[in-house]
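Enquirer: build me a structure from this.
(one chain, ligands or ions: 1)
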Amino acid sequence: MYEVCIIETEMKQTQATKKAIERDDNLCQWCLKKRMRITRCNEGHHIWGRAIVDEVDGIITLCRVCHQGTEDGGEPTRDQLLDIMPEARKYENEIWQ
Ligand SMILES: [Zn+2]
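Expert: Residues are numbered from 1 along each chain as shown. Okay, the predicted model is just below:
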């Protein structure tokens, strides 16, 4: 998991990721909405996986710590991220059809 994360962050960001980070004002949304912290960052997390949904509404800005947490299967979980970003739920049906 750790190696995957390194590769992910070193990979070129997609246009959708850049737009999502811009929308979130470069702030980790989990820190901002759940931990009451302002954490500036430039990492986008594809909630459904980059290969499945690479759309602005499917990407959330997360700091290194939160990103690592979710990639490692800890917190925030996908459900927790969907709670603070309900617009990403619309892809759920598409994916499992
Ligand atoms: Zn964070």
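Enquirer: now the helices for the protein?
Expert: Assigned by DSSP state H, the chain shows helices spanning 2-10, 15-23, 29-34, 64-71, 78-84, 90-96.
Enquirer: comparing those helices, which yields the minimum mean pLDDT?
Expert: Across the helices of the chain, helix 2-10 has the smallest mean pLDDT, namely a mean of 49.
Enquirer: still on that earlier bit, now the helices of the chain in a markdown table, with distance to the ion and mean neighbour count?
Expert: Where you see a C-beta, it was placed from the backbone N, CA and C, and this is true even at glycine. Listed next are the helices of the chain as a markdown table, based on distance: least, C-beta to the ion, whole Å; neighbours: other C-beta atoms under 10 Å:
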| stretch | distance to the ion | mean neighbour count |
| --- | --- | --- |
| helix 2-10 | 14 | 11 |
| helix 15-23 | 13 | 17 |
| helix 29-34 | 3 | 19 |
| helix 64-71 | 3 | 18 |
| helix 78-84 | 11 | 14 |
| helix 90-96 | 22 | 11 |
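Enquirer: quick one: closest of the ones you listed to Ile47.
Expert: With distances scored as C-beta to C-beta, the stretch of these nearest to Ile47 is helix 78-84 (5.5 Å).
Enquirer: wait, isn't Asn77 in contact with Glu71?
Expert: Asn isn't right for residue 77; it's Thr. No. Taking C-beta atoms under 8 Å as the definition, Thr77 is not a contact partner of Glu71, at 11.4 Å.
Enquirer: list the contacts of Asn42.
Expert: For Asn42, the contacting residues are Ile21, Asn26, Thr61, by C-beta atoms under 8 Å, 6 or more residues apart in numbering.
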